[in-house]
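# Give me coordinates for this.
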Amino acid sequence: MSGRDLRSFITHHRADEEEKLAVQAKSGVLNAKLKPIDYDGLKAFAAEKRVSGQEALLKIKKLKNASKVRKERVAINQHKTIWFKELSRLNEMAKRVQIEIELFTDEASLNKATQSLFTDLGAYERKLSMDFNAFKEDTVDPVMILRDDLKLWLQMTSCETLSSFDCSGDNDDVHLDKPEEVCATIHSVKKQQQHIIEQLSAEQTKQETKLNITGIYDSSSPPEQQIETGIPEEAFDLKCPDLQLKTSVLQEFILIDGKYVEKLNELEQHCNAVLEIKNGGWTGHDHSIFLYLNDQYTYNLQNRHMRFVDCLRRHLPKKSRADIVEHENWWTHFRFYHKRRHDLLSDWIRDRTELLNCAKAVFSEACQAKQLQKEKKEILLKQREFCEALYNKVKEWRENKMETLKVEQEMAERQQQEMETLLAAVKERETAKRQQQKEKIKEFHNQLEMKQKLKEESDQHHLEEFQKYLAEQAVYNKERVKFREDKLFEREECRTKKIKEEMAVREEKELILEALRKKVRPYVEADLARLWNDTIAWQAKQKPEGYLSIHKPLYDIKSFTAEQITADPRFRLEERLRQVGLHDKSYGREAMATMKPLHLPRRDMESTIFKTS
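Numbering: from 1, shown residues only. Next up is the predicted model:
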């Protein structure tokens with residue numbers, strides 16, 4: 001054994017400490033230093049931690065929902081600004097178009113040739129307005145009248161429900177039948193409106209198909225320019241003394257047409273996959289919404305693509321982001337095709353006009369040279385050289401044009417390649433970003449699963465302990481329930497006994513009151529003589545008029561005086577409440593109901609009709 005082991009083996013305990021350890025082992029739990037475990041405290045601590053964890057989760061959920069709501073609000077505000085700009089632009093355009101239409105109609109109505117046509121158009125417009133008003137009276141006005149009637153009926157039913165406790169049983173049957181009739185009328189009006197909407201939608205689709213067939217409503221492809229191919233008649237009519245020069249110049253028209261037709265065919269073959277898909281595989285309605293929103297969200301906006309996709313997904317919730325991006329790529333290729341085709345057609349027209357003007361100039365110069373040849377034969381050789389020079393000029397012009405066309409074609413192909421590379425780079429960046437987000441989400445889910453497993457194990461342990469506690473508590477609760485049932489049974493017997501005693505006292509009191517009513521009830525015997533005699537009022541009229549006092553009132557007052565009315569405490573209370581503004585409140589009504597008069601009425605004059613026995 002080395003010195004190091006010896007030092008670790010030697011202990012510092014003394015004999016008295018060993019005696020203390022023996023005493024602790026014998027006493028065990030009774031020792032003051034060894035305390036029992038507080039399981040109730042641990043359960044309360046675990047429940048408190050569980051509640052705090054749930055509160056933290058609720059706060060996190062609230063923060064997430066608040067962030068989503070804030071992002072949604074910001075996006076909607078951004079869309080609103082763009083929509084307001086578009087609305088102002090459309091309003092200005094509508095005003096401008098309306099002014100142009102009014103000016104055109106005013107000018108055309110003065111012309112005798114078009115006056116009858118515009119009178120027919122005015123009559124047709126008035127007929128359409130009359131039909132619209134009649135349709136509104138037949139469909140919209142009844143619904144608005146029914147809406148007002150329903151509001152009035154709801155107010156009446158709410159007032160009737162407040163006073164339903166004072167009504168009889170017959171009126172209850174009437175109120176039960178009325179809502180069923182109202183619901184039946186509402187369902188019938190809904191069916192009629194649904195039928196009208198279906199008819200209008202069918203007419204709308206029919207008119208849209210007609211417009212699409214005629215080509216009026218096609219907004220995707222712009223109108224093409226009409227080009228006359230071949231040699232123009234104006235060039236044929238030009239006079240040229242040299243037939244070879246004329247044929248060579250006119251042959252240039254056919255060469256230019258063949259070159260541009262070949263370019264157009266190549267363009268169509270290159271974009272054939274785009275042209276075969278009508279509207280990019282979408283419906284006409286969805287494609288029109290895409291075009292309108294594409295025009296609204298211009299390319300100079302910040303985060304234009306994100307806003308455009310968000311707005312389009314709001315209008316077309318069934319379309320995914322991938323569908324929208326694919327349709328957008330199709331639209332860029334489709335627009336590039338039409339733009340390139342338009343540029344080729346405009347260049348074709350420009351070259352033909354330039355060649356025609358050049359032919360006119362060449363033929364006029366040739367005619368002038370021929371005229372000079374007639375006058376002077378010596379200039380014949382110079383004329384031929386001049387024609388050859390002109391032919392060389394035309395040839396050079398053709399070669400220059402061919403070079404410019406090649407350069408333009410190369411520039412167009414280079415732009416197309418740049419556009420495709422940009423789209424591919426954007427797509428790669430988006431895929432990399434999405435892959436990173438997926439990895440982060442996967443890590444987050446793994447962490448959540450680990451936490452969930454730990455939480456489930458702790459919850460299972462707590463559940464077992466809580467079930468033991470509940471089993472003990474159930475035995476104690478059964479004894480308590482049995483004791484409470486016995487007490488409730490005793491209370492119920494006492495209550496029924498007390499009710500029977502009160503009923504007996506009430507019946508005895510009613511018998512006493514009936515005996516009192518019989519005592520004070522008046523009894524009058526039949527007297528025919530009094531019936532046939534004159535009344536006291538008639539006898540008073542037959543007496544001669546004596547001296548009338550001025551201070552005597554005109555009529556005898558047989559009601560209450562002003563002093564008697566103002567002396568009533570109910571009148572004073574109503575006046576005070578009216579001054580404060582509480583006479584029509586629930587407090588004022590309750591105070592007036594509890595206030596008693598100055599002199600209580602006699603017991604035999606009190607009505608017992610509305611009192612329940």
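
# sec struct for Cys240, please.
Look at Cys240: counting by DSSP: H, G, I helix; E, B strand; the rest coil, its state is coil.

# wait, isn't it in contact with Phe363?
Yes - in this structure, Cys240 is within contact of Phe363 by CB atoms under 8 Å, at 4.3 Å. The way it works is simple: take the backbone N, C-alpha and C, and place the C-beta from them, glycine included.

# Could you name every residue contacting both of these two?
Each of Lys246, Val249 lies in contact with both Cys240 and Phe363 under the rule CB atoms under 8 Å, 6 or more residues apart in numbering.

# and Arg341, how many neighbours does it have?
19 (other CB atoms under 10 Å).

# In terms of secondary structure, what does the one helix or strand Arg480 maps to contact?
Arg480 is part of helix 380-520 when elements are defined by DSSP states H and E. For helix 380-520, the packing partners by 3 or more CB pairs under 8 Å, 6 or more residues apart in numbering; DSSP states H and E come out as helix 39-110, helix 243-270, helix 321-375.

# tell me what the last one is packed against?
In other words, helix 321-375. So helix 321-375, by 3+ CB pairs under 8 Å, 6+ apart, packs with helix 233-236, helix 243-270, helix 272-276, helix 284-296, helix 304-315, helix 380-520.

# just so I know, which of the ones you listed lies nearest Gln78?
helix 304-315 (6.0 Å; CB to CB).

# what separates that closest one from the chain centre, distance-wise?
16 Å (CA atoms, centre = their mean, to the nearest Å).

# if I look at Asn303, how far off is Trp83?
16 Å (CB to CB, to the nearest Å).

# which one of the two has more residues nearby?
Trp83 (13 against 10).

# And the pLDDT at the spatially closest residue to the more buried one that is not a sequence neighbour?
Spatial nearest neighbour of Trp83, excluding adjacent residues (CB to CB, 6 or more residues apart in numbering): Gln296 at 7.5 Å. At Gln296, the predicted lDDT confidence score is 80.

# Run a quick neighbour tally on Gln296.
Gln296 has 17 nearby residues by other CB under 10 Å.

# list the contacts for it?
Ile82, Trp83, Glu86.

# Tell me, how many residues neighbour Glu420?
13.

# So, low pLDDT: which residues of the stretch 301-450 of the chain?
377-380 (pLDDT under 70).

# nope, the chain is what I meant
1-35, 160-178, 212-228, 377-380, 524, 544-555, 557, 607, 610-613.

# I'd like the distance from the helix or strand where Cys183 lies to the chain centre, please.
Cys183 is part of helix 169-214 when elements are defined by DSSP H and E. Its chain's average C-alpha position is 22 Å from that of helix 169-214, according to CA atoms, centre = their mean.

# cool, and stretch 413-420?
42 Å.

# and the helix holding Arg480 with helix 321-375, angle?
If you take axes from the mean of the first three to the mean of the last three CA atoms, to 10 degrees, helix 380-520 sits at 150 degrees to helix 321-375.

# okay, the next helix or strand after helix 380-520 in PDB with CA atoms only?
Next helix or strand after helix 380-520 toward the C-terminus (DSSP H and E): helix 528-532. This file holds the C-alpha atoms of helix 528-532, laid out as PDB (Å, rounded to 0.1, in the frame of the first residue of the first chain):
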ATOM      1  CA  LEU A 528    -141.500  50.200  -9.000                       C
ATOM      2  CA  ALA A 529    -142.800  53.500  -7.600                       C
ATOM      3  CA  ARG A 530    -139.300  54.900  -7.400                       C
ATOM      4  CA  LEU A 531    -138.600  53.700 -10.900                       C
ATOM      5  CA  TRP A 532    -141.600  55.500 -12.400                       C
END
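
# Output the contacting helices and strands for the helix or strand that helix 528-532 is followed by.
For helix 528-532, the succeeding helix or strand toward the C-terminus, using DSSP H and E, is helix 536-542. Applying 3+ CB pairs under 8 Å, 6+ apart, we find helix 536-542 packed against no helix or strand.

# could you dump helix 536-542 to PDB, C-alpha only?
Presented in PDB, the C-alpha positions along helix 536-542 are these (Å, rounded to 0.1, in the frame of the first residue of the first chain):
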ATOM      1  CA  ILE A 536    -134.000  64.400  -8.400                       C
ATOM      2  CA  ALA A 537    -132.100  66.100 -11.200                       C
ATOM      3  CA  TRP A 538    -135.400  66.600 -13.200                       C
ATOM      4  CA  GLN A 539    -137.200  67.900 -10.100                       C
ATOM      5  CA  ALA A 540    -134.300  70.400  -9.600                       C
ATOM      6  CA  LYS A 541    -134.700  71.600 -13.200                       C
ATOM      7  CA  GLN A 542    -138.400  72.200 -12.800                       C
END
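
# Any idea how far it is from the middle of the chain?
Per CA atoms, centre = their mean, the centroid offset for helix 536-542 relative to its chain is 85 Å.

# what comes into contact with that helix?
Asp534.

# Equivalent analysis for stretch 597-605, please.
Leu513, Leu516, Arg517, Val520, Ala567, Asp568, Pro569, Arg570.

# Spatially, what comes nearest to the second one if we skip its sequence neighbours?
Counting by CB to CB, 6+ apart, the nearest residue to Leu516 once its immediate chain neighbours are dropped is Asp604, at 6.3 Å.

# Pull the number of nearby residues for that neighbour.
Asp604, neighbours per other CB under 10 Å, totals 11.

# One more: Phe84?
10.

# cool, and the one 10 residues further on?
The tally of other residues near Ala94 (other CB under 10 Å) stands at 10.
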